[in-house]
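Colleague: Structure for this input, please:
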Amino acid sequence: MTRVKSKSTYDGNDEQFEITDYTQASPWETLISELEDLIQKLLVEGKSTDNQINYNSKSYQLVYITPNEPVPEGTQKQIRKKKKSSLIQLKYNNFTNAKNDFQFNKTVSQNDKKSIGYQLENFSNWFGIHEYFLLLSLRDTGPNLSDLSILMSAFTIALHNSHCFLPAFVGFDEKRYENFLGYMFAPIDKDSVNSGYFSVKLATELISQSSLTSNQNVSESIEKQLKIFYSKISLDPDDRNWDQFLSLSTTSTKYTYTKGHWDENSWRLSILPTIDNNVNSNNNNQKQQQQQHEVDSGLNIRWGFPIDPVQELQLCVMCPPLKTTHILDGNDFSSMPTPKTWFIKSSFRRTHSSMNQLTLATQSLFNYFIESFKSAPLQEIVSYYRTNSKEGGKQQFQQQQQQESNDPSLIKTMGTFGKSIASSLVSPSIPSERDIDLILRDLFYDEKDQSDIYHFNNIPEEDLNSPPPIGDKQQSTNIKRAPLDSLFFSFCTVCLSIQSLAGIIMVWNDFIHEIKWHWENLKVIPKTFSSAQMNANNCLIFQKLQMINYCIKLKLEFQQQQEKYKIYKLNNNINSSNSSSKKNEDLLEHDEEGNGWDNDVDFEVPIIGSPNESDSTSFNNGTLKDKYLLYEDREIVIPLTQDSGPMTDDMVTEHLNQLMELTGEDQSEKRLELQTPSLLSDMQAFKNANPGCVFEDFIRWHSTGDWITNPNEIQKIIDKKSQSSKKNKKVSSNSEDDTMDVDDSSENGDDDFILNEDDESNGRVLKQGFGREGCLSMRMSSNNTIWKRVWKSAQPVHIYDQSPLFDFNKQSESAIDYLLNIPPNDLMYQIISVILISIASVFSNEKSKSNLSIEYCLGVDFLPLKQTMEQYYESVNTKWFNILPTDKITVTQFNNIFQTLQDIEINYSKYTSLKTKFGKLDRVISNLYLSGYSDILENEFNIVADLFFGDREDYYSDSTDIEYDITNSFQPNVKEYITRSYLPRPFKHSQILPHKMYTSISPFECRVATCISEEDV
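Modeller: As a prediction, the model looks like this:
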């Protein structure tokens, strides 16, 4: 057992500590043993873990700081097998080396970044070390004087027992842990442990200048700093050998200029002002242009950050060690004769919620998505809210929704990518009717000029539909998306600012009613495709919106063309009842002499070359050049045809399922019937545009591969037809009254087919030349193919007189009904899918390689950011679903997505802020981004200096020696000195050992750190 004087009577003398019981380990001995075990463990593993030590009812954490990578697991096992005495034989960090002064290229390992709240750089400056142990109290109050003494003595013994030559510190500052005591021992000859040892006592303290006396105020002169150092290491208080001390001393100097005040909005402006090239070079705008450094406009932050991630920039100038006598003689930094080294340091803000609002807003959507699986149907929620709103219970309903929120602490401030999300830090749980009206106005109002090349309608669909350009090429994904800048994409970004699932549903309901109004009034939906090409990579909601827009466009065109066609028919006395077969048969009159068409016949559709040719061709697509009808001296007219219309994903699935159900042989006819309406419409339009045409003419236009023009192939077909004709005659003689049962197998060119004996010439003579040479293929020669049967039933009818193949009224109503009654979980699934893929696109698109608007091209050609994007995209494709899930899900499943998205926000904002400040200095930007430090080359100095001092009146950027002007004219924010000297300790006859003192002076405080060596005797 041990006994120590009570705290009230303790005078700080260690002799009061005594051992009274040798039968069991004392708390002090237990502390030494625990420290020794932990030191050996940390050195073997090469990284810090949660290592706690309890002493005197207080908890302490032992932290191991190292710039090295952790030791591999296999190596750890080998080290553990060694004897304890030879477990660790580390060479101590040579703190005596002057090259360690003010190093700025050391970084803490990734493993320790989260476990420490202080900077490795501080200990590097204070003591010239980069690897050490720290013992910190886990409470707000540090150890008292008695505990501090015991902890240091235990640490000292533990280091000796472990043969560890690394320094160890105990923090005793009660609030900020900025004051430390330390100890280190090492062999005098670092190559031999038998040469004797020396110990180093280390200490640092932060001092308020107001507490210093006039003799102690080290900020007044370097000489006072040197005298304090001399008094600490001198053995004889009466020693007056001041000159010898100065001759053995050197001092390194570092001045720091701080820049922490700038326009925090300038780094995230939407678009930098364009400089007029016609402005006079002597104009003041020239300086503004120089400050821009031609910043890439694609880097502008538009998703909204309330603060600049770069908290402070420090411009530092260092002077290497000089003899202290030279410094005392000049005492002026600018007059020091040695070359100076300039470098810059960036200090980034700690990560907090205002810097990753996009991540928090996306995480909220995931919470709503999970909630939606338990939600009532969409229209039921809308009805419930409307009822409560009318009865005055809106506030109560909002409170109920807020209580049901999984994470009400999240700040939901995300707006569209075109507007800052920092404009509002609080949004209501459910938007009011006025808010919804404002949202819809912003969504449906097209701000951009229609002639703008970046307008949605002016950008090719393939560019808008392209996948995110992750890496060197575009990466495909099975996750559905929506085109950037489209209406549904904008709606999804709005959802990031809504605080509840019910709020999103209410906005969605009014959004679809606005879509319905556009259909009823035939107003084209803005920022939505209207073409018939459905992209399978787009989500179903966007496909439905595109379907509605296509129906609007088709209905408008149909009405316009129908009006024109009615006027055309009235002007040409065309009877619209021409669809009857009797009427059309009467039209095909001919003279018995075979001279062709009767010139007196009044055709319903004027032929090419008639006086009304200009009117008739406006309802056709021109002619096939140099291809004439087989029996008429007219070119084949290409008719207008009906489009079968686009099909959304659910329509394609339904159609395939319908075909799959008709798999039996008895269902083959029905399957063909499902596929023939479009063929029938084309044949009717062709007959209408080409009076006197025959089946062969239709094939020459519609299926050119079935019109054989090769003479050898023609001869083979003629021979095969001859053989089949003989076979048919033989069968007819054997069973004259039997009828032949024919199916569509003849379409494949089988021998068993009925020769086409239908003669459509009606006595006309087959013309020659002008593309008429050739014959039908074998599959088209049969008289019983589906093509021939449809041709026989087809009547000459213009497409505007036909029944529409695509019912735009039915399809648009069906799409609106789907959107109004979409399940909430399906709605949230598609919204999140669009958000996740759109983020990848926006942050990957580089303006120089994209046709999209600038706000959707935030990508930059910077490898670390591209790697961050690749990690995010991989996590999205791995963790998110390709289809709506049916199993139970939790938000923790997607933590990897949230983490990589947060990395994107933080890293892109850091890079953008640096790019805005340093412009073309890509090397400096890269160094600051990766390590926080960068040296400054000669050709870079003017730009950096202008950033720090350009707003000062006494700064002249045209000076021939800017470096001299800065050090001579501007007072630094911080002055730092490192003085080294050599004196024997602890006795005059001891070996001469190195000593060091670090001094940092700022307008508010002063720090002094000392390393005093003694021979271990």
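
Colleague: Residue 514 contacts residue 440, correct?
Modeller: Yes. Residue 514 is within contact range of residue 440, at 5.5 Å (criterion: C-beta atoms under 8 Å). For glycine as for every other residue, the C-beta is placed from the backbone atoms N, C-alpha and C.

Colleague: Residue 999 and residue 1005 touch, don't they?
Modeller: No. Using C-beta under 8 Å, residue 999 is not in contact with residue 1005, being 11.7 Å away.

Colleague: Mind checking which of the two has more residues around it?
Modeller: The residue with more neighbours, out of residue 999 and residue 1005, is residue 999; 23 against 15, by other C-beta atoms under 10 Å.

Colleague: Specify the strand with the largest residue count in this structure.
Modeller: In the chain, with assignment by DSSP state E, the single longest strand is strand 310-323.

Colleague: Each with direction, which strands does that strand pair with?
Modeller: strand 250-259 (antiparallel), strand 341-348 (antiparallel) (DSSP bridges).

Colleague: Would you mind extracting the C-alpha trace of stretch 817-831 into PDB?
Modeller: Below are the C-alpha coordinates for stretch 817-831, written out as PDB (Å, rounded to 0.1, in the frame of the first residue of the first chain):
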ATOM      1  CA  ASP A 817     -55.200   8.100 -63.800                       C
ATOM      2  CA  TYR A 818     -51.900   6.300 -63.100                       C
ATOM      3  CA  LEU A 819     -50.300   9.500 -61.800                       C
ATOM      4  CA  LEU A 820     -53.200  10.400 -59.600                       C
ATOM      5  CA  ASN A 821     -53.400   7.000 -58.000                       C
ATOM      6  CA  ILE A 822     -49.800   6.000 -57.800                       C
ATOM      7  CA  PRO A 823     -49.000   4.200 -54.500                       C
ATOM      8  CA  PRO A 824     -47.000   6.500 -52.200                       C
ATOM      9  CA  ASN A 825     -44.100   4.000 -51.900                       C
ATOM     10  CA  ASP A 826     -43.800   3.800 -55.700                       C
ATOM     11  CA  LEU A 827     -43.800   7.600 -55.900                       C
ATOM     12  CA  MET A 828     -41.100   7.900 -53.300                       C
ATOM     13  CA  TYR A 829     -39.100   5.100 -54.900                       C
ATOM     14  CA  GLN A 830     -39.000   6.900 -58.300                       C
ATOM     15  CA  ILE A 831     -38.300  10.300 -56.700                       C
END
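
Colleague: Name the surrounding residues that touch it.
Modeller: By C-beta atoms under 8 Å, 6 or more residues apart in numbering, the surrounding residues in contact with stretch 817-831 are 365, 368-369, 372-373, 375, 377-379, 381, 480, 491-492, 495, 501, 504-505, 508-509, 512, 515-516, 539-541, 544-545, 650, 881, 884-885.

Colleague: buried sites along that stretch?
Modeller: Residues 818, 819, 820, 822, 824, 825, 826, 827, 828, 829, 830, 831 are the ones in stretch 817-831 that count as buried (16 or more other C-beta atoms under 10 Å).

Colleague: same question for that stretch, mean pLDDT?
Modeller: For stretch 817-831, mean pLDDT is 96.

Colleague: what's the spacing between residue 921 and residue 156?
Modeller: Distance from residue 921 to residue 156, counting by C-beta to C-beta, to the nearest Å: 48 Å.

Colleague: picking that back up, which of the contacts of stretch 817-831 fall in strands?
Modeller: Going by DSSP E, the strands hold none of the contacts of stretch 817-831.

Colleague: And these, which of them are buried?
Modeller: Those of those that meet the buried threshold are 365, 368-369, 372-373, 375, 378, 381, 480, 491-492, 495, 501, 504-505, 508-509, 512, 515-516, 539-541, 544-545, by 16+ other C-beta under 10 Å.

Colleague: In the stretch 101-250 of the chain, what residue spans correspond to strands?
Modeller: Shown for the stretch 101-250 of the chain, the strands assigned by DSSP state E, counting those that start in this stretch span residues 132-137, 168-171, 180-187, 197-208, 250-259.

Colleague: Just the pLDDT at residue 143, thanks.
Modeller: Residue 143 is given a pLDDT of 85.

Colleague: who touches it in this structure?
Modeller: Residues near residue 143 by C-beta under 8 Å, 6+ apart: 58, 137, 151, 170, 172.
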